[in-house]
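Peer 1: quick check, what structure comes out for this input:
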Amino acid sequence: MQNLLSEVSALPGVVGTCIFDKKDGVLCGETREQLADGLQETVGQHLVRLFQLGAMSGLDIRTAQFFFDRYVVIGLPFQASSVLIALCDPRADCPAVADAAVRLAVNMGGVPLDPADFSVEEPQVEEIKAEEAAPPDNGLFPAQLQAMLCRIEQALAGAIGPVAGMVMQDYIDRWRQGGPAIPARIAELTDLLVEEIGDPEAAQDFVAKIERII
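Peer 2: The predicted structure is shown next:
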């Protein structure tokens, strides 16, 4: 893996690379400049979710690019639960970097050729007694709750950007595991989402918007 990172880091415009694993975090990396604490971990988590959602939808996502003020982030799936991340200068030829990174990764046996290799394992559901089971909702939220969730997602997008939709779905799944999906439990969901926002000022603004929603 380190040889692959060295090759990608040598591409014009690349300022940092790493391999991020869903369970183990950053496995290895190379950078030409000091990066903010936790930057690679945060980006890695979002990219893992993106590729997993793509696999669940039958989409073979080979690369993803996110444009920010300081960096362009290029990510590609690397084995079953890992991603290769390249941080580039905004002025770099990012499509060329992405193409070269894919070729290098394929040559070194990293990029999965089948989207099923990046699929999400189905959760194991324990058998429960009928009288203990909650009424099924068929995965659908009532109209009132759905409207609230849409507004919360919009507020979250203002805090963390275009990945808000993926993050929101991930936390909704966790929230639903803790109890019934009802408006009275929205505060629990928003508490979880606040933990995802790294910037204190953005988190405070998000909380203020949620207070107006609920």
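
Peer 1: and the nearest residue to Ile214 once chain neighbours are set aside, what does it touch?
Peer 2: In this structure, Ile214 finds its nearest non-sequential neighbour in Ile186, 5.2 Å apart by CB to CB, 6 or more residues apart in numbering. For glycine as for every other residue, the C-beta is placed from the backbone atoms N, C-alpha and C. By CB atoms under 8 Å, 6 or more residues apart in numbering, the contact set of Ile186 is Leu145, Met148, Ile152, Ile213, Ile214.

Peer 1: which of the residues you listed are buried?
Peer 2: Buried by 16 or more other CB atoms under 10 Å: Leu145, Met148, Ile152, out of the contacts of Ile186.

Peer 1: of those residues, which is the nearest to Gly178?
Peer 2: The closest of the buried ones among the contacts of Ile186 to Gly178 turns out to be Leu145 (CB to CB; 15.2 Å).

Peer 1: wait, the closest one sits on Ile182?
Peer 2: Yes. Using CB atoms under 8 Å, Leu145 is in contact with Ile182, at 6.9 Å.

Peer 1: what about the residue nearest to Ile214, helix or strand, and which?
Peer 2: Assigned by DSSP states H and E, Ile186 belongs to helix 186-196.

Peer 1: which is the succeeding secondary structure element to that helix?
Peer 2: Sequence order places helix 200-213 as the next helix or strand after helix 186-196, per DSSP H and E.

Peer 1: lowest-confidence entry in the contacts of Ile186?
Peer 2: Ranked by pLDDT, these bottom out at Ile214 (70).

Peer 1: now the buried ones among the contacts of Ile186 in CSV, with distance to Ala10?
Peer 2: Formatted as CSV, the buried ones among the contacts of Ile186 follow (distance: CB to CB, whole Å):
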residue, distance to Ala10
Leu145, 50
Met148, 49
Ile152, 43
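
Peer 1: any idea how far the spatially most central residue of the chain is from Val73?
Peer 2: When CA atoms, centre = their mean is applied to the chain, the residue found nearest the centroid is His46 (1.7 Å). From His46 across to Val73, the span is 9 Å (CB to CB, to the nearest Å).

Peer 1: list the contacts for the nearest residue in space to Pro12 that is not next to it in sequence?
Peer 2: In this structure, Pro12 finds its nearest non-sequential neighbour in Ala92, 6.4 Å apart by CB to CB, 6+ apart. By CB under 8 Å, 6+ apart, the contact list for Ala92 reads Pro12, Gly13, Val14, Val72.
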